[in-house]
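Novice: Quick one, fold the following:
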Amino acid sequence: MGVESLEAAIRRVGSPLELLRNSTVRPHTFPVAPEFTNWRSEQRAWRTSCALFDQSHHMTDLYLNGKDALRLLTDFGVNSFANFAPGKAKQYVAANQDGYFIGDAILFHLDDELFDVVGHPTVLNWLQYNAETGDYDVRIERDENSYDRPSGPPKNYRCELQGPTAKPLVEKLIDAPLPDVGFFHMTEFGIAGHRVRALRHGMAGQPGFELFGPWAEGAAVLSAILAAGEEFGLVRAGAKAYSTANLESGWIPTAVPAIFGPEMRGYREWLAADALGSLGGSVDSADITDYYVTPYDIGYGRAVKFDHDFLGREALEGIAANARHRKVTLVWNAEDVAAAMRSLCEPGIPAKFIEMPKARYAFFQADQVLRDGAPVGISLDLGYLANEQDFVSLATVDVTAAEPGTEVAVVWGEQPNSTKPAVERHRQVEVRATVAPAPYVREIRDSYRKS
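Specialist: Residues are numbered from 1 along each chain as shown. Predicted structure coming up:
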């Protein structure tokens, strides 16, 4: 029996929303240790010393190799590719023909005609489909995340160092001053006798490096990092802490991809039904397009460049002149969060369980944001930040409600309750929240693209 396609599954249940709301696909799995100490201390490490994340297992790699690899990326990416040479990386963003967001990933330019697209499978699937069905001379190699890989280890190990002591730690590792490496540029180090590639970035707003190389060399490199890190307060961070780093840096990890129009039927027939993920939250529209966002809505306006032809360009040129939504952080009211949690210990139907530190219970989270009782946006990801002692969410809201200090409310929970495995019997509650900038932390806003 063949694998059911997304299109076939939609026809079987009646609508994409019916399929996504009741999907049994897991929200997202980080197949590494949940905690090495405790997630609160591990969160604090990227602010006070250095946190070490194991990124080897939870992301998918799509390698594109060939003379048309760059053309494929250019045709479906909103980004500029001017001066995009080997040794550079960027946040790759794709949109549909109407300018609505499909997905994003980190794009590494590894060598001439060789690229690695790393991240959630959403945009990788879209690129692979177009590579296979379009007129492109490109070879594809795919390495699934460790949850979905049929067998064996990843092709590469991938470690991330984040925090104020990351720089001196790396200098000790390589026994040399750190080379002058620009943001999202790559360099090479020698560690434990092995050639290690390093991407310079700062996911949590602190100086950071992503180190990667062949899996067989990973154990030796990790041992060297741990030994050198003792002097610099290195803390291994598990899946729980790692899953919240984006709440500080302001990156929204998922939004419902805009792939459900008639023009994308071929893609849905190619895509497996279980490749997409589940939808959760209090937004209850029956129109799937009400869940769509544009790159401008979620902070990618800076990435959109009209210096090349790409799918969605004409639509985005119109949207750019009149963007109506803005990415913000919502700081949830502590009393309302506590009341929702306390309801678990009180008579009656409780509020939806709020898991700590990450409370998202579906792959695509979409909670309604209200101002004076009227909808003004969607909350897309949420969790607790020990460094700020705040429960926050990342949201896209109407520009009229985007001013910091604006009072709004988030509707938490589903009505009616869906049948997703992560959803228990519960009642909806409104949680007051205050609009704040994204990124939320001032030093991250000031330094994220400089560090």
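Novice: Next, Val3: secondary structure please.
Specialist: coil (DSSP: H, G, I helix; E, B strand; the rest coil).
Novice: now it, nearest residue through space, not along the chain?
Specialist: Spatial nearest neighbour of Val3, excluding adjacent residues (CB to CB, 6 or more residues apart in numbering): Ala272 at 4.9 Å. The way it works is simple: take the backbone N, C-alpha and C, and place the C-beta from them, glycine included.
Novice: where's Val408 relative to Leu330, distance?
Specialist: 7 Å (CB to CB, to the nearest Å).
Novice: so what's the closest residue in space to Gln415 that isn't next to it in sequence up against?
Specialist: The spatially closest residue to Gln415, leaving aside those adjacent along the chain, is Gln428, at 4.9 Å (CB to CB, 6+ apart). Residues in contact with Gln428 (CB atoms under 8 Å, 6 or more residues apart in numbering) are Ser282, Ala351, Lys352, Val411, Trp412, Gly413, Glu414, Gln415.
Novice: you'd agree the residue nearest to Val3 is up against Val25?
Specialist: No: counting by CB atoms under 8 Å, Ala272 does not reach Val25; the two are 10.5 Å apart.
Novice: on that earlier part again, now, which of the contacts of Gln428 sits nearest Glu217?
Specialist: Lys352 (44.1 Å; CB to CB).
Novice: on that earlier part again, roughly how far apart are the residue nearest to Val3 and Asp148?
Specialist: Relative to Asp148, and taking CB to CB, Ala272 is found at 11 Å.
Novice: cool, and Ala362?
Specialist: 18 Å.
Novice: Between these two, which is the more surrounded one?
Specialist: Using other CB atoms under 10 Å as the criterion, Ala362 and Asp148 rank with Ala362 on top: 24 against 12.
Novice: In contact with the more buried one, which residues are there?
Specialist: Contacts of Ala362 (CB under 8 Å, 6+ apart): Pro27, Gly277, Ser278, Leu279, Gly280, Gly281, Lys420, Ala422.
Novice: With adjacent residues omitted, what lies nearest to the fourth one?
Specialist: Spelled out, it's Leu279. Leu20 is the one closest to Leu279 (CB to CB, 6+ apart), at 3.6 Å.
Novice: low-confidence ranges in this protein?
Specialist: 1-2, 28-29, 203-207, 442-451 (pLDDT under 70).
Novice: can you do 90?
Specialist: Residue ranges of the chain with pLDDT under 90: 1-3, 24-32, 146-150, 178-183, 201-208, 441-451.
Novice: Just say helix, strand or coil for the residue lying farthest from the centre of it.
Specialist: The centre of the chain is farthest from one residue, Pro347, which by CA atoms, centre = their mean lies 37.3 Å away. The three-state assignment at Pro347 reads coil, by three-state DSSP.
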